[in-house]
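Enquirer: okay, predicted coordinates and the sequence, questions at the end:
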Amino acid sequence: MAPTVLFEKTEGVGLVTFNRPEKLNALNREMLMELEQLLDQVARDPQLRVLVLTGRGRAFIAGADISLFVDLDPLTGKRFAEHAQALVSRLEHLDIPVIAAVNGYALGGGLEVALACDFIYASEEACFGQPEINLGIIPCVGGTQRLARLVGKGLAKELCLTGRLLDAAEAKAIGLAARVFPTGVLLEECLKTARSLAEKGRVALRAVKQVINRGYEVDLASALAMEIDAFAVCLASPDAREGALAFLEKRQPRFTGSL
Ligand code: COA
């Protein structure tokens, strides 16, 4: 059987492709396990600088495989949600930037995976939503929480209560998708951005990601203190001096990512 999660790496950029197109890449147990194994591999790979996630066919991920829900009871459901949340949190807290290249349906668990990425680039054919309400359940992999933090409480409630689907233009207008591209160029644009991120200082990239993620969870004064600490950590890397010198010497910086 073909893997349900494909991975290829080119010059520090990893491309993850969800590969169950006949089921619109719905997340079944096999995919969750393969994604978990992939995250182990990614976390151990010091050469990897940026990750791009996308889906084969018409979907990014059209949600959890609904057949999983038929036999869930409160206990097994809780375990499922805990397991899936832990997996998605690992993705969110990877040291390197992660871009969601949303090529089609990103529904339910698919939107929840995209929300755990650092930002979303969407194709004009992308379609987003948390339609769990139509199945008599609610999002359980962070959808109610990360969506509210990204687009605001009112919109998140409207989307989770109605289960309605958004097109790419609306997703962009509400700040869910950072940018929208014509379908044929989405992946190349994502890889181009990924390559440009791969050339930046690794310490500073990690600092931005950590300080925005963690700062969002605490009060402003604590978050600002985190920002100062993260700035100071950047100055411990030769990359900070190299960046300033390169600007003054009118040349491209050569970042090493060392601390
Ligand atoms: N779980 C399991 N199977 C799914 C699925 C999901 N979340 N989403 C799509 N599929 C399957 C369909 O059952 C169908 O399989 P089949 O050909 O064996 O019958 C195949 O993927 C294609 O989907 P289909 O519904 O025929 O495509 P469509 O273009 O008519 O509709 C959607 C696309 C995304 C609107 C529709 O598939 C849908 O509503 N999916 C469920 C979305 C959802 O509720 N996700 C949250 C789950 S918690």
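Expert: All right, it came through fine.
Enquirer: residue ranges with poor pLDDT in the stretch 1-150 of the chain?
Expert: Nowhere does the stretch 1-150 of the chain drop to pLDDT under 70.
Enquirer: ranges for the strands of it?
Expert: Assigned by DSSP state E, counting those that start in this stretch, the stretch 1-150 of the chain shows strands spanning 5-10, 13-18, 50-55, 59-61, 98-102, 105-107, 119-123, 127-129.
Enquirer: what residues does the second one touch?
Expert: In this case it means strand 13-18. The contact list for strand 13-18 (Cβ atoms under 8 Å, 6 or more residues apart in numbering) reads 4-9, 25, 31, 35, 38, 42, 45, 48-56, 59-61, 191, 194-195, 198. (Each C-beta comes from the backbone N, C-alpha and C, glycine too.)
Enquirer: ok and that strand relative to strand 98-102, angle-wise?
Expert: 40 degrees (axes from the mean of the first three to the mean of the last three Cα atoms, to 10 degrees).
Enquirer: cool, the third one as well?
Expert: With the same axes, to 10 degrees defining the directions, strand 50-55 sits at 20 degrees from strand 98-102.
Enquirer: same list, the strands of the stretch 1-150 of the chain, but as JSON lines with mean neighbour count please.
Expert: Shown next, in JSON lines, are the strands of the stretch 1-150 of the chain (neighbours: other Cβ atoms under 10 Å):
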{"stretch": "strand 5-10", "mean neighbour count": "15"}
{"stretch": "strand 13-18", "mean neighbour count": "22"}
{"stretch": "strand 50-55", "mean neighbour count": "24"}
{"stretch": "strand 59-61", "mean neighbour count": "28"}
{"stretch": "strand 98-102", "mean neighbour count": "28"}
{"stretch": "strand 105-107", "mean neighbour count": "27"}
{"stretch": "strand 119-123", "mean neighbour count": "25"}
{"stretch": "strand 127-129", "mean neighbour count": "25"}
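Enquirer: among the ones you listed, which comes closest to residue 216?
Expert: Ranking the strands of the stretch 1-150 of the chain by proximity to residue 216 (Cβ to Cβ) places strand 119-123 first, at 14.0 Å.
Enquirer: what pairs with that closest one, and is each one parallel or antiparallel?
Expert: Next to strand 119-123 in the sheet, as set by DSSP bridges, lie strand 98-102 (parallel), strand 179-181 (parallel).
Enquirer: can I get those in TSV with distance to the ligand?
Expert: As requested, the strands paired with strand 119-123 are exported to TSV (distance: least, Cβ to the nearest ligand atom, whole Å):
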stretch	distance to the ligand
strand 98-102	13
strand 179-181	19
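Enquirer: tell me which of the ones you listed sits nearest to residue 110.
Expert: strand 98-102 (8.3 Å).
Enquirer: extract the C-alpha set from that closest one and format it as CSV.
Expert: In CSV, the C-alpha atoms belonging to strand 98-102 read as follows (Å, rounded to 0.1, in the frame of the first residue of the first chain):
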residue,chain,number,x,y,z
VAL,A,98,5.8,25.3,8.8
ILE,A,99,3.7,26.5,5.9
ALA,A,100,0.3,25.1,5.1
ALA,A,101,-0.2,25.0,1.4
VAL,A,102,-4.0,24.6,1.3
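Enquirer: so which residues on this structure come close to the ligand?
Expert: Within the chain, the residues that sit near the ligand (Cβ under 6 Å from any ligand atom) are 23-24, 26, 62-67, 105, 107-109, 131-132, 135.
Enquirer: domain-wise, how is this protein divided?
Expert: 5-198, 202-248 (automatic domain parsing).
Enquirer: make a markdown table from these and add distance to residue 255 to it.
Expert: Shown next, in a markdown table, are these (distance: least, Cβ to Cβ, whole Å):
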| stretch | distance to residue 255 |
| --- | --- |
| domain 5-198 | 10 |
| domain 202-248 | 5 |
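Enquirer: just the ones you listed: most buried one?
Expert: The highest mean neighbour count among the domains of the chain, using mean count of other Cβ atoms under 10 Å, belongs to domain 5-198: a mean of 19.
Enquirer: chain center to it, what's the gap?
Expert: Distance of domain 5-198 from the chain centroid (Cα atoms, centre = their mean, to the nearest Å) equals 6 Å.
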